Structure formats: structure tokens, C-alpha cells
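Peer 1: Have a look at this prediction, sequence included:
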Amino acid sequence: MGGLNTALLIGVGGLDAAQGALDATSNNIANVNTPGYTREEAQLSELPETESAGQITGGGVSLEGLQSIRDELLNVQIQQQTSLQSAADTESASLQQAQTYFTSTGTDIASALSSFSSSLAALSANSTSSSAQQGVLAAGQNLASAFNTAAGGLTGVQTAANQQIPDTVSQINSLTQQIAQLNGQLAQVPAGEGGGTVQDQLDQAVKQLAALTNISVTQTNNGETITTGSGTPLVEGDQSYNLQTSTGTGGQLEVLDANGNNITSAITGGTLGGALNIANQVIPGLMTQLNTLASQFATAFNSAQAGGTDSNGNAGGAFFTGTANLSNAAANMSVGLISAAQIAISSSTGGGNGNVANLSAALTSTLPSGESAADGYAGIVFNVGTVASNASTQSTAIGDNLTQLTTQQGAVSAVNIDEETANLMRYQTAYEAAARIVSTVQVLDNAALNMGSSTSF
Amino acid sequence: MRIDPNIVPEMLANLQQSQVSLDTALQQVSTGLSVNEPSDNPTNAAAMVENTIQTGDLDVYTQNVSTALSTVQTASSVLSSLVTSLTSAVSAGTEGANGTNSSTDLASLANEVQGILTSAVTAANTSVSGTYLFGGSGTTTPYTADASSSTGYTYNGNDDTNSVAVGDQTSVQVNLPGSQIFSSSSNNVLGALSSLVTALQGGNSSDIQTATASVDSALNYVSQQQVFYGNAETQLNSQETFLEQDKVTLSTQANSLIGVNESTAATDLSQAETDNSAALAAVAKVLPNNLLNYLAPPA
């Protein structure tokens, strides 16, 4: 049979439980805006009932601990989407910058080609006029410098991406060290508590890591094992492995694992994946197109120029120079003529201004690439526009997805002030009621002790 | 089901989205363009490259057509007057060959033909804004008097012809060299006139007759050459019409590629403004609300 002491114990247990719940509530309220914080709930359970002389008495409440409420599956999805979005954002930012060099501004290659073509047409109407000849020379110089600017712009974007790569790798290394350390701490946290603060910090660090590179996370007895690329370990238990960068044979930056193996091609996500893609794939691809155009156009125009005779009576010299080396044709393109009199206006066979038509034709004729100069440039504009538009569309789409996932995660783990306010009142009442049990038992104890004493009546 | 209590990120995302729409609408209205950078519409931006080049060329082609027309028309009218003069020369020759003329008459006829010769030389040396119409591509006066020449004049120009670009891959030849019109080996206009002057001065009817016949033949020859200018003029006129149409086509194309429908853009802008204010108003209304506002402060 339970006595007053039992009631007292139950009352004290109630006080403990209400206090634990109030602790959880106050911690939740305090951390309402803390990034990565997961709300805690007090884990309450009934104590076993006691049976004494055929009577069953409840055992009161027990506070099992405070548990963080989280959904690991959602975390994994959020990590993956974060990697993708971060890569798309990095690419989008670079390409937004790159495409400004291919936007119709009046100084872009399309405008320069247009002016060059117009200047030749004007020359045909007035081929002995030195101002018309100067016009062609100046328009040619503008065209060469438009190529230089576009190539310089692309190189600038590539350089920026190349600077981002080692920075990102060192951020990754510092995060993996932090995660390894947290893994060590996590091993000491009691199992029933959902990891608590350590797990919150770990999740937050892993999410930051996911924004930097594509990762895969496995839960093990030693905490979280994290790999990047196709299985390169970054963190195993409390051990972290540093990535490093090196310059490849083609001058491109490569990412190496801790053992020095090249894992560049397996890095597809996060800022690192985006920057690698820009620096090693997208920009070099565009640059090759631009160089090919510059080189083939210069060759075609020079050959038209060589087919004619200039105003000094000499065979036409190379109009454009610097395009011999395909790898930097666009960047080095320049006008080779010293004076406008060197423009090969006359046809070697027919005299007159017969070669002007050949020079003009070099702008519209099919280059070895299978396209005219204008179509070749239009192809580059299309490609730049498409990659830029794809990256930003992708970023938006993943962003929507991520918002959705974050909302789901919030529904599970975020602190709701209204809920906590209601809980605050609920646990306050519970605490007051449990305290009342204690004071009641005290009164009853006094009454029992004073039984039979004359002073009590 | 528990819902996400943290509405701030979603609200900010919504606000940002409405801000983006507003910016886009504003940009479209202010620039009048729906494609402001290649990523807005890669296909259309690429198509605009060709359009830009063609539009730029079109202005020059139009200008070239009008320059070429004035050259061709001037040349044509010079040749017309030359034909008229040559006709007079033939009449003078015919009159001089009829055997009834006194030496005074013949001298006066010779003077008349000499005058025609001088005007023919002037015609052959016609220049338009510094360029000789009948000098090939030469820059010196095409015909100068030369006593040592059998015809009395030397051609200083060359046989070159100039073609003016009036369209993509289309050019029109705008000149014939003087060597073809005035001093061709078969029908040398200046030579025929010189011979006629000499014959009239000599007074030999049969010489005059021969010389008159060659002037007549030169007359026919020049008339034939005139056809070249007539054809060029026709070609230039039709090209002018084509370029005008092309200009409309290109500007319509540019408009449909990257232009913006102004009424749509204006509607979009006003829609975006409304959306943005609504989103802002919603945030302002929802954010301050929580249970604490409705509870009495703890006693």
C-alpha cells in the first residue's frame, strides 16, 4: 500500500518532469533563430505501478531526457539539393558575367562584324577615297579588338573560377576537420537523445560541406562517414582527409584526394563542382569556338586580301595577324596592315575595285567550320545564352525544390513560438500542481504527526 | 500535421520572386526589348547576330545605290548629249561632203565639228565628286591633247571597271572606261571627230564622206554603250526597291526576335507592381502575429 511518502515521491517526480519540460521549452525559445537548431522535446514516461497488498498504485512520471526532433532522410535530400543548387549558382554567376561579352552592346563582335561589312560596302562605292579606306582599316581594328575583348572576358571568368577552386578546397578541408571532431564528440552523447546539440552542429557543418562539393553521407557507429566524388573519403569517424589542388598538364586546375589521386572528374556538385565545370569545361569550350572563328575568319579574309593588289601596286599583305596559334587566336588577333593604302582593293586580274567584292565575300562565305563568320558567332551567342539560361533555370528549379524540403524539415524540426508559448503555460501549470502535491503531503504529514496531541484540537 | 512555423524564408523567397518579376517587367518596358542578354532567349539572340549585320549593311547598300545611281545617271546624260552632238557632227559632215560648199562654208563646218570635238573631250573628262566617270580607276584627267597621237588625244586612264556593292553578293558595275567609249580601237569617237575636222579643213569631198561615215559609225557605237548605263540604272532602281522592302523585313524580324509588345509589357509591369505590393503587404500583416500578442503579460 502506498503511503504519503509515495505521494511525495510522485509529486517530486512531477516537479522534475515539469522542470525538464520547461528547460526544453526555454531552450527552444532561446534558440528560435539559431541556424541548424533542432527543437527539443522532453521525453516523459510513466513509472511502473506498484502493487502492495492487492492494491495497485501508479508510480508517477519519469523524465527520460530531452530529445532533438529531426528527420535524417530530409537532411540527406537537403544536402543533395544544396550541392546541386550551389553548383548551378556558381555556374550561373560566372556565365552571367561571361554572357555580357556576347550581348549586343555596340562593341560586341556582331556589331564589329556589321561595321566591318558596312565599311567594305562603303569602300566599294568610293574605293579611291582615303576616308573610305581608313574606315575599313578602323573597322578591322575594332573587329580585332572585339575578339580580344571577348576572349579577355572569357579568360577573366575562367581566372575567377580558378581562384575559387583552391579557396573552396581549403574551406572543405576545414569543414571536414570540424566534422571529424564533432563525430568524436557525438560518440559520447547518450543514444536516446537524438544527438542533441552535437548532431545539430554536425548537420549544419555537413550542409555547409554539401554546398561546397557533392557528398554522400553514411551513418555508422562512429558518427557520419562522408565521401565525395566517387567514394573518396573526406571523413571517417574522427579522422578527416584533406583534398588538395594541383595544376594539370594542360594548365587546368585539378583536385586530388589525400593520396594524390586525381578526382576532378568526379566532383560535380557544390561550389567546387560548379567552378571546375566553368574553368575546365564551359569556358574552354566557348574559347575554342571563339578561337576557331577568329582564326578561320582571319585566314579567309587574308586570303581574299592576298588575291588583290593594294593602292601601292603590291600584292595584298595579311590584313589580320596574330591568329596563327589556334589556342589564343581571338586574344591575339590584330590588324597587320600599317596604312589604309595596303588594303587590296584592285583585283589582280580585273583591276578596278574588283577585289573589294572578294573581301566582302570573305565575311559571308562559308568558313572551314561549315558556317559563315556571322553564323559562327551566332552559334557562340546561342551556346553562351543556353548555358547561362540553363544554369539559372536549374538554380531556380532546385531552389524551389529546396524551399519545399526546407519547409518539410521546418515542419519537423523548427521551433514554433506559439507552440512553445502554449507549452510554457502547460508546464507552468503542471509544475504548480506538482508543487501543490508536495505542499499538501507536507500538511498531511504534519496532521499525521500531531495526531493525538491535545494542541491540535 | 505540424507545419513549418518559420515563415520568414518562404516569405523572403516570395518577395524575391516578385522583385525579380518587377525588375524584368521594368527592364522590358524601359529598354523596349524582351531579349536583353543571350540567356533571355538564346535562339533569338543568335538570330539577331545576322540581323544586326544585315541591318548595318543595308544602310550602306542604300547609300551605295543612291551614289551609284547618280554616277550612272550623270554618265548616261553625258552620253545622251554626246549622241546629240555627234548627230550634229554627222549633219555637218554630210553637208560638207555635198560638193557645193565654199571654202568659208567648209571652214565654218570644220569649226563647228572642232567645237563638238572639244565638247566630246570635256564629256569624256566629266568627273563626279572628284572621280572621273570615264577614266577607269585612274585618278588623272582621262583625255589630254597630244599632238603626237593620231587622234590628237591621249587616254591617261586605265581599262578598269568599278563595281559597287548594293546587296549581299550583289554588286553593280557603274562605269565603262573611256578607252571603251571614246577611244575604242574599232570606233574611236575622238579620232573620228578629229579626222572629220581635218577632212573638212582639207575640203576633199570623198575624205569628208569617209570621215563622216566613221563619225556615224561612232555615233551608233556610243548609242550602244549607252544601253549599259540604262541597264545599270534599271538594276539599281529595282535594287533600291528591294532594299526598302528588306529594311522593313529586317526591322520586323528584329522586333519579333527581341522586341517587346508594348501593351503586354505595360500590363506585365502593372501586374508585377501589384504582386509586389501584395507580397509586401502580406509580410507586414503576418509577421507580427503570434500567440504572445494575445496573452496577458504574466502577473
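Peer 2: Yep, it's here. What you are looking at is a predicted structure, and each value in this text was computed from that prediction instead of being measured. Residues are numbered from 1 along each chain as shown, chains lettered A, B, ... in the order given.
Peer 1: which residues of chain A fall in strands?
Peer 2: A:40-46, A:50-52, A:55-57, A:61-68, A:215-220, A:223-228, A:232-236, A:239-240, A:244-247, A:253-256, A:308-309, A:320-321, A:334-335, A:346-347 (DSSP state E).
Peer 1: whoops, chain B was the one
Peer 2: B:127-128, B:131-132, B:143-145, B:153-155, B:163-167, B:170-173.
Peer 1: And the fifth one, what does it pack against?
Peer 2: Counting contacts by 3 or more C-beta pairs under 8 Å, 6 or more residues apart in numbering or on different chains; DSSP states H and E, the secondary-structure elements packed against strand B:163-167 are helix A:109-125, helix A:354-364, helix B:42-96, strand B:170-173, helix B:205-258. (Glycine included, C-beta is placed from N, CA and C.)
Peer 1: Between its first and last residues, what's the separation in stretch A:221-230?
Peer 2: 22 Å (C-alpha to C-alpha, to the nearest Å).
Peer 1: Would you confirm that B:Gln19 contacts B:Asn276?
Peer 2: Yes - with contacts counted by C-beta atoms under 8 Å, B:Gln19 reaches B:Asn276, the gap being 6.5 Å.
Peer 1: Same drill for these two, tell me which one is more crowded.
Peer 2: B:Asn276 (20 against 15; other C-beta atoms under 10 Å in any protein chain shown).
Peer 1: where's the more buried one relative to chain A, distance?
Peer 2: When distance is defined by C-beta to the nearest C-beta, to the nearest Å, B:Asn276 is 18 Å away from chain A.
Peer 1: And B:Gly115, by the same measure?
Peer 2: Distance, B:Gly115 to chain A, by C-beta to the nearest C-beta: 32 Å.
Peer 1: again, but for B:Val78
Peer 2: Taking C-beta to the nearest C-beta, one finds B:Val78 at 19 Å from chain A.
Peer 1: For the nearest residue to A:Thr386 once chain neighbours are set aside, the count of nearby residues, please.
Peer 2: Once flanking residues are discounted, A:Thr386 sits nearest to B:Pro42: 4.3 Å by C-beta to C-beta, 6 or more residues apart in numbering or on different chains. Per other C-beta under 10 Å, the neighbour tally for B:Pro42 reads 22.
Peer 1: which ones are touching B:Pro42?
Peer 2: Residues in contact with B:Pro42 (C-beta atoms under 8 Å, 6 or more residues apart in numbering or on different chains) are A:381-386, A:389.
Peer 1: how does it look with 7 Å?
Peer 2: Contacts for B:Pro42 (C-beta atoms under 7 Å, 6 or more residues apart in numbering or on different chains) come out as A:382, A:385-386, A:389.
Peer 1: Show me the shaky parts of chain A.
Peer 2: Low-confidence regions of chain A, defined by pLDDT under 70, span residues A:1-2, A:191-195, A:350, A:454-457.
Peer 1: most centrally placed residue in it?
Peer 2: A:Ser86 (1.5 Å; C-alpha atoms, centre = their mean).
Peer 1: what sits against the residue in the stretch 151-299 of chain B that chain A sits nearest to?
Peer 2: Proximity of the stretch 151-299 of chain B to chain A (C-beta to the nearest C-beta) peaks at B:Asp160, 3.4 Å away. By C-beta under 7 Å, 6+ apart, the contact set of B:Asp160 is A:351-352, B:136-137, B:177.
Peer 1: Now render the residues you listed as TSV, adding neighbour count and distance to A:Tyr241.
Peer 2: What follows is the contacts of B:Asp160, written out as TSV (neighbours: other C-beta atoms under 10 Å in any protein chain shown; distance: C-beta to C-beta, whole Å):
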residue	neighbour count	distance to A:Tyr241
A:Gly351	20	75
A:Gly352	21	75
B:Gly136	23	81
B:Ser137	22	76
B:Pro177	26	83
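Peer 1: Can you tell me which of these is closest to B:Leu193?
Peer 2: B:Pro177 (19.0 Å; C-beta to C-beta).
Peer 1: That closest one against B:Asn162, yeah?
Peer 2: No - counting by C-beta atoms under 7 Å, B:Asn162 is not a contact partner of B:Pro177; they are 9.7 Å apart.
Peer 1: how much space between B:Ser171 and B:Ala192?
Peer 2: 33 Å (C-beta to C-beta, to the nearest Å).
Peer 1: Compare these two (neighbour count), which wins?
Peer 2: B:Ala192 (27 against 22).
Peer 1: Tell me how many other residues crowd residue 135.
Peer 2: In the absence of a named chain, chain A is used. Residues near A:Gly135, counting by other C-beta under 10 Å: 20.
Peer 1: my bad, chain B
Peer 2: 25.
Peer 1: and it, what does it touch?
Peer 2: Counting by C-beta under 7 Å, 6+ apart, B:Gly135 has contacts B:142, B:157, B:178.
Peer 1: Distance of the closest residue to B:Thr141 other than its chain neighbours relative to chain A?
Peer 2: Leaving aside its sequence neighbours, B:Thr141 sits nearest to B:Asn125 (C-beta to C-beta, 6+ apart; 5.5 Å). Noted for B:Asn125: a distance of 16 Å to chain A, by C-beta to the nearest C-beta.
Peer 1: so the residue nearest to the centre of chain A sits right up against A:Leu272, yeah?
Peer 2: No - at 8.8 Å, A:Ser86 does not count as touching A:Leu272 under the criterion of C-beta under 7 Å.
Peer 1: what sits in contact with each of the two?
Peer 2: In contact with both A:Ser86 and A:Leu272: no residue, using C-beta under 7 Å, 6+ apart.
Peer 1: A:Thr25 and A:Glu419 touch, don't they?
Peer 2: No - assessed by C-beta under 7 Å, A:Thr25 is found out of contact with A:Glu419, at 9.1 Å.
Peer 1: which of those two has more neighbours?
Peer 2: The neighbour comparison of A:Thr25 against A:Glu419 (other C-beta under 10 Å) goes to A:Thr25, with 25 against 16.
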